[in-house]
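Have a look at this prediction, sequence included:
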Amino acid sequence: MSNKTISYPDATEVVQLLMRASHQVHQDFEFELASSNQSVQLSGPRGRLLLTVWEAETIRMNELAIKLGLKARTITEHVDSLERDGFIKRTADPNDRRATLLRLTEEALSHVHRFKLVQEQISEKLLQKFSAKQRIELIELLALFLVGKENESH
């Protein structure tokens, strides 16, 4: 009988590697996005915000903050900027005069479709070393971190 002890990485090691990998993916994604030939440069966060509004068609600012996991102040800053750029339009919520609804402008729609295509290309490039099985496993493992956290914002 062997006295070999199986050594497992400690939790700190795993989390540190996950944070490094997340940071690297973010940097690589932003670099590739900046290198793409978009007529309008959109950063990852601005692009994700536009995609989220596009998917919802109309959405309240507080709902957008929850979906993106960002503070309301951060959402307001991004929306202000995107509104100045002509991509977002604010309208009063007919059911709640205190709430503001967001929707994309016509100009934004063409950029969103282009951003979505570029995002898909970049994502494929970033995951090119992963087999289909590894991608599924990665999704399953990462999803465990998010269970029960969808409505939390820090």
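Structure received.

Please count neighbours and contacts with C-alpha atoms only from this point.
Fine.

contacts for the lengthiest strand in the chain?
Taking DSSP state E as the criterion, the chain has its longest strand at strand 96-104. The contact list for strand 96-104, computed with Cα atoms under 8 Å, 6 or more residues apart in numbering, reads 50, 53-54, 57-61, 87-93.

Check which residues of that strand are buried.
100-104 (16 or more other Cα atoms under 10 Å).

ok, back up a step: which of the contacts of strand 96-104 fall in strands?
Using DSSP E, the contacts of strand 96-104 in strands are 59-60, 88-93.

What's the ChimeraX syntax to select whichever of those residues are buried?
What follows is the ChimeraX syntax for the buried subset of the ones in strands among the contacts of strand 96-104, where burial is set by 16+ other Cα under 10 Å:
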select :59,60,88,89,90
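
biggest separation within the ones in strands among the contacts of strand 96-104, which pair?
Of all pairs drawn from these, the one with the longest distance (Cα to Cα) is Ile88 and Asp93, at 15.0 Å.

Let me have the buried residues of strand 96-104 in CSV, extended by pLDDT.
CSV is the format used below for the buried residues of strand 96-104 (pLDDT from 0 to 100):
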residue, pLDDT
Thr100, 88
Leu101, 94
Leu102, 96
Arg103, 96
Leu104, 96
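
residue ranges for the helices of this structure, please.
For the chain, the helices defined by DSSP state H cover 11-35, 44-56, 61-68, 72-84, 106-126, 132-146.

Against which helices or strands is the shortest one packed?
Other helices and strands packing on helix 61-68, by 3 or more Cα pairs under 8 Å, 6 or more residues apart in numbering; DSSP states H and E, are helix 44-56, helix 72-84, strand 96-104.

Just say which of these is most tucked in.
Among the helices and strands packed on helix 61-68, ranked by average contacts under mean count of other Cα atoms under 10 Å, first place goes to helix 44-56 (a mean of 17).
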